[in-house]
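# Need coordinates for the following:
(3 chains)
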Amino acid sequence: MPLVPVPKPTFAQKLKRFFMVDLLQGMAVTLGFNIGALTDKDAVAGKGIYTEQYPKVRPEVAPRFHGAPRLNMDPETHDTLCIACNLCALACPEDCIDVIPMDVEVVVAGKPRRKKVLDEFIFDTSRCMFCALCQEACPTYCLELTQDFELATYSRAGFVWNREMLEQGRETVKYKS
Amino acid sequence: MTLNMGPQHPSTHGVLRVVLKLDGETVIDLDCDIGYLHRGMEKIAENRMYTMIAPYWDRLDYIAAVSNGLVWVETVEQIMGLDVPRRAHYIRTILTELNRIASHLLWLGTHAMDIGAVTILLWAFREREEILKIFERQFGARLTCHAWRVGGMPNDAYDGFVEDCKRFVDYFPKRLDEYETVLSENRIWLGRTVGIGVISAEAAVAIGLSGPALRGSGVAWDIRKSRPYAAYAEMDFEVPLGENGDTFDRYLVRMEEMRQSRRIIKQAVENLPDGPVNAKVPKLIKPPAGDYYHSIEGPKGEIGCYLVSDGTQQPWRVRVRPPSFINLQALRQMSIGHLVADVVAIIGTLDIVLGEIDR
Amino acid sequence: MLLLAAPTFIDSLLLKFFSEPTVNYVIWPFIQVGLVIVITTGWVAYATYLERKISAFMQARLGPMRVGPWGLLQPIADGIKLLTKEDFIPEDADRWIFFVAPYIAVVAAFIVMAVVPFGPDWAVITDVNIGVLFVLAVSSVGVLALILAGWSSNSKYALMGALRSSAQMVSYEVSMGMAIIGALMFARTLSLSGVVNAQASDSIWFLFYQPIGFMIFLVSGIAENNRAPFDLPEAESELVAGFHTEYSGFRWSLFFMAEYAAMVVVTAVATTLYIGGWYFPFVYRLTEAKGYHNVYVAVSVLVFLAKAGLLLYLYFWLRWTLPRFRYDQLMDLGWKWMLPAALINIVVTAIGVTVIQGLNNPAGLRTIKSLETGLGLTLSGKAIAIVFGFGNLLVTAGILSLINWRSRDFNLKKQRRQIRLVDPPKGRPAVMPVSSESPG
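Here you go, the predicted model:
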C-alpha cells in the first residue's frame, strides 16, 4: 500500500529531531512523576502516589458492592426475614442456592395453620458469580450481598455456607500491621 | 525453523498459541491455535433463561463487560419490542463510553508494555482504576458488572454519579496528553510501530475487521454512526480514521477515540434527562419465535448477537459475533514478512481478548 | 572524626607487627580491596533497591515498603530468597561450564573496580598506567560469560539469545572504546587517575570538550549492559529465551549482580572520564590545603559516588521511560550511528588539539598552560576546545545524516501522519430512545 506523503519537515522540526526533543519530553514527564511522587498529594488528577497499602489500609468498598451473601434478620425480633419462597434459588444461573423449608404449626386467628419456614439455607460461594440476581429476586430484602470480599478458605468445603454462617457472617482475622 | 509462542506467554494477552515459521528472524508463516479458554458460553445460554444469560455475557470480553451486557439486553429488547426510557439510554451511553475508555486504556498499557515502555501500563491502570470505581459504585462490581437488565437498569444512577463523571471528564485529557508526550513522537516508538502490521482497506473489509483495526486502514465504519443504538443518535462526536493501516495509525485512532468518548460522556452527563430507568417488562421473558441479529460498536469492534428464539423462556441458539476472533484472522496477513519481535506488537495492536475468541 | 583518624591509628598498629614494605604493599592493598568490594557490593545491592523505588515513584506507586522501614532491607530479603531456592541444572547441560559462567560474569564486572579512582590518594586500589585499556579489556570478558551460559544451558533458544546478546555487547564495545579516545587526547595519559588529575588541575570537566563523546560512551555503555532501551535479548526473552533462562536461585542472582555491577562500572568510568571523577571545585581548598588529608579523600569519595549515582539515575530513568529497540534497529544504531560518530569525534578532536597546539605562541596567544597533567589549557585554549567540542555536534549530525540518508528509521517522520476526524452520516437508528414520559 503506497504511503500517504506528509509535508516536508520545517526547520523547527529538524532541530527538534536533532536535539532528540521527542525522547527528552517523554523523560521530562517521567521525571515530573518521580518528583511528584515525593511532593504531590493528589494521586487522581496529579502526580502523587496512587497505591493503597492493603491490608494495612482497608479499601473503600461501594455500598452496592456484590460481595459475600448474608441473610438478614429482623432487627427487633431477631427472626430471619426469609420466607422460604425459593425465588433466589430459581433466579440463580449457577444453581448455587439450596433452600430447605420446613412446615411448622402456627396459630393464626385462633386456627392452627401450617406455615412454611426456612429450615436450612445452603449457599455455595465457589459456584457463585456474584451477579446479584438472587439479591434482586428476594422479596423481603433478606438475601443481600455485602461488602465482604475476602472469601478465601483453606478447603473446598469451606466455600459452602450454611444458614448460620450466612446469618452471622464470618470472622475475618484483622491484619496486625 | 518453527517457533511456538505457547499459550503461557506474557505478551499474547490471554491463552493464545501462535506457531511461527521463521526464516532466520523473518516470519514466513503463522498459525494461531485457540480454544484454551473455551467455556461453552453459547451452549450454556441454550439452557438458561434470558435474564440469567446476562451475567455470563460479561465474561466474554471481560474487559468490556458493560458493552457485552448492552448487546445482549438490546437484542432481547429489540425482539420483545420494549421501549426503554430515555434516561436509561443516556446512562447506558455514559457507562458504555466509560467502558470503552477503560478497555482502550488497558490496550494502551499492555501494548506499550509489550514494546517496552512499562510505565505507561501503570499510568493507564491508574486511570482505569477511577473508572472501575465508578462502575463499582454504580453496578456493584468492577470488572464483570452485570450492568443492564432487560428493559433498563436495576438501579438508578447512584448519588454522586454525575459529579464523579464530571470530575473524570475534567482531568482525563491531561492524562491522555501525558501518554501522547511519552509515546506519539518518540522515535523508538515510531520505529517499532510505523509500517508494522499494515493491512489495506480492501483486505480489512474482505476479512471482516471492525473497530479501530478497520478504521486504522481508513474505512469509515462505526456502528455508533451507521446504526445508532442507545443514545448515540443524539450525541455529537467524530470518528477518527487512519490512513496507512499500520500499527501506528491504529494507536493514534484509539487515542483519539478515547478523546471522543470523553466528549460523548461530557455531553451525555450535561444533558442527562430525568425520568424512569426501566421499561415495562413482562414477568416472563418469552420472545416471539424467530431469529434476530443486533450489534453494537464495542471497544474492539462490532460485537453482535445472533439470537434464535423458539418462543420459550430459553433461547434456542445464541451466537456471538466476537470482534477479536475475526480481527485475529488478520494476524497472519499482517505478520508475514516482519521480524519475530514485531509479531508481539501486531498482536497487541489487534487488541484481542481470548475470552471473546474462545467463548 | 574518629573514623577518619582510624587509618593512621591502624597504620601505627600494623607497623608494630610487620615491616613497612609489607604493610604498604601487602596489607593496605588487602584492606583497600576489602573496602572496595564491600562498597561495590553494597552499591550494587542498593542499586536494585533504588531501581525498584525510583521506577515505582515514576509509575505513581510505592515500591518495596514492607521489609524494614521504607523497604530498605529488601535487597537482603531478596538475597535470602535467592540463596534458598532449589539449585537445579538442566539435563544434558554442560555441568562445569554451567557452574563457571555466572562467576566469570561477576568477576569480570568487579575486577574493573580495581583501577577506578574513587578518590585522590589511597582511595584507588591500584593506579595502572594503562587503566583505560584495562577497563575495556576486562569488561569484554563479561561477554564470554554470556556465551558460556547460553551454550551450557543446552537449549536452542538460550543459545540464540546468548549469541544475540553477545553480538550486541561486542558491537557497542567498539564504539565505546573509540569514544574514549577523544577524552584521552586532552588527558594525555591512559591512567584513570591521570585523567581525573588532568580535569582537576584544569578545573574543567571533559564533558565540555567532548559532549558527543560523553553521549556516545553513555549510550554504548547502556547497550553494553543490555539495559533498556537496548534490552531486547533480555526482555523479549519470552520469545527467544535469554541466556540466563535455565539459571535459577543463587546462580541467577550472580548474573543479576553482574549486570548491576557492570552498570556501576560504566557509570564509574563515565564519571571518571567526563565529569571530573572525584574532583569538585572547592573541596581541595577547604580540606587538603588546610591539612585534613583524610577528610579530603573521604569527601572526594562521596563526591564520586554522588556523580556516579546521578548517572545511575539516568540509567533507571531511561529504562522506565523509553520503549525497546528491535534487534535490527539496535545493531543499526551501533554500527551506523555510534561508530561513525565516534570516529568523527576522534578526527574533529584531533584537529582541535592540533589547532590549539598550533596557535600556542609564547609571544602571542597562549593556549597551552602546561603539559604536566594532561593538556593544561589557558582560557583561550579552553574556549577553542569547547568551540570544537560543540561544533562537533553539527559536523556529526551532518555526516550521520549523509550516511543514513536512505535508512528506514531516518525517514520515519516522512512515514508518519496525522489521522483525520470524520463525521459519517448517521444511519437509521437500531434503537430509538423514547421520550422521558412514563413508559408504555
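# tell me which parts of the stretch 251-359 of chain B are close to chain C?
Counting by Cβ under 8 Å from any Cβ of the partner chain, the residues of the stretch 251-359 of chain B close to chain C are B:252-253, B:256, B:273-276, B:278-280, B:294, B:339-344. Where you see a C-beta, it was placed from the backbone N, CA and C, and this is true even at glycine.
# I'd like to know which of the residues you listed are buried.
B:252-253, B:256, B:273, B:275-276, B:278-279, B:294, B:339-344 (16 or more other Cβ atoms under 10 Å in any protein chain shown).
# In helices only, show me the residues of the stretch 251-359 of chain B next to chain C.
Counting by DSSP state H, the part of these found in helices is B:L252, B:V253, B:E256, B:V340, B:A341, B:D342, B:V343, B:V344.
# Wait, the fourth one touches B:G24, no?
In this case it means B:V340. No. Shown here, B:V340 and B:G24 do not form a contact pair, counting by Cβ atoms under 8 Å, at 9.5 Å.
# who touches both of these two?
Counting by Cβ atoms under 8 Å, 6 or more residues apart in numbering or on different chains, no residue touches both B:V340 and B:G24.
# so can I have CSV of the ones in helices among the residues of the stretch 251-359 of chain B next to chain C showing distance to chain A and pLDDT?
Output for these, formatted as CSV (distance: Cβ to the nearest Cβ, whole Å; pLDDT from 0 to 100):
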residue, distance to chain A, pLDDT
B:L252, 13, 90
B:V253, 15, 91
B:E256, 17, 91
B:V340, 23, 83
B:A341, 20, 83
B:D342, 17, 87
B:V343, 20, 87
B:V344, 21, 85
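# Determine which two of the residues you listed are furthest apart.
B:E256 and B:V340 (30.0 Å; Cβ to Cβ).
# what secondary structure does residue 36 sit in?
Using chain A here. At A:G36, secondary structure determined by DSSP: H, G, I helix; E, B strand; the rest coil is helix.
# Chain C, not that one
helix.
# likewise C:T396?
helix.
# That one contacts C:A341, doesn't it?
Yes. Shown here, C:T396 and C:A341 form a contact pair, counting by Cβ under 8 Å, at 5.1 Å.
# what residues are shared contacts of the two?
C:I212.
# Looking at those two, which has the bigger crowd around it?
C:A341 (26 against 22; other Cβ atoms under 10 Å in any protein chain shown).
# Please report the distance of the more buried one from chain B.
Plainly put, C:A341 is 16 Å away from chain B if you go by Cβ to the nearest Cβ, to the nearest Å.
# quick one, what contacts that residue?
The contact partners of C:A341, by Cβ under 8 Å, 6+ apart, come to C:S175, C:I212, C:I216, C:T396, C:L400.
# give me the element it is part of.
Secondary structure assignment for C:A341, by DSSP states H and E: helix C:339-359.
# got it, and B:T96?
helix B:86-115.
# Please see if that helix touches chain C.
Yes. Contact of helix B:86-115 with chain C (Cβ under 8 Å from any Cβ) involves B:R86, B:R87, B:H89, B:Y90, B:A112, B:I115.
# Dump the next helix or strand after that helix to CSV, restricted to CA.
Using DSSP H and E, the helix or strand that follows helix B:86-115 in sequence is helix B:118-139. Taking Å, rounded to 0.1, in the frame of the first residue of the first chain, the C-alpha atoms of helix B:118-139 are listed here in CSV:
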residue,chain,number,x,y,z
VAL,B,118,6.3,-0.3,31.1
THR,B,119,5.5,3.0,32.9
ILE,B,120,2.5,3.6,30.6
LEU,B,121,0.9,0.5,31.8
LEU,B,122,0.9,1.7,35.4
TRP,B,123,-0.4,5.1,34.5
ALA,B,124,-3.2,3.6,32.3
PHE,B,125,-4.2,1.4,35.1
ARG,B,126,-4.5,4.3,37.5
GLU,B,127,-7.0,5.9,35.1
ARG,B,128,-8.7,2.7,34.7
GLU,B,129,-9.0,2.4,38.5
GLU,B,130,-11.0,5.5,38.6
ILE,B,131,-13.4,4.2,36.0
LEU,B,132,-13.7,0.9,37.8
LYS,B,133,-14.5,2.8,41.0
ILE,B,134,-17.4,4.4,39.2
PHE,B,135,-18.5,1.0,38.0
GLU,B,136,-18.3,-0.4,41.5
ARG,B,137,-20.4,2.4,42.9
GLN,B,138,-23.0,2.1,40.1
PHE,B,139,-23.2,-1.6,39.5
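# Next secondary structure element downstream of helix B:118-139?
helix B:161-183.
# what residues does that next one touch?
Contacts for helix B:161-183 (Cβ under 8 Å, 6+ apart): A:25-26, A:28-30, A:44-45, B:94, B:98, B:101, B:108, B:112, B:117, B:119-120, B:123-124, B:127, B:130-131, B:133-134, B:137-138, B:189, B:251, B:255, B:258-259, B:262, B:265-266, B:269, B:272, C:321, C:323.
# Please type out the ChimeraX selection for whichever of those residues turn out to be buried.
A single ChimeraX command selects the buried members of these (16+ other Cβ under 10 Å):
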select /A:26,29,30 /B:94,98,101,108,112,117,119,120,123,124,127,130,131,133,134,137,138,189,251,255,258,259,262,265,266,269,272 /C:321,323
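# Flag every buried residue along the helix or strand where C:M257 lies.
Under the criterion of DSSP H and E, C:M257 resides in helix C:249-274. For helix C:249-274, burial by neighbour count (16+ other Cβ under 10 Å) applies to C:251-274.
# so which of those residues also contact chain A?
With Cβ under 8 Å from any Cβ as the criterion, no member of the buried residues of helix C:249-274 is in contact with chain A.
# Could you chop the chain up by domain?
Answering for chain A, as no chain was given. As assigned by automatic domain parsing, chain A contains the domains A:1-51, A:69-168.
# Oops, wrong one, chain C.
For chain C, the structural domains run C:16-84, C:85-342, going by automatic domain parsing.
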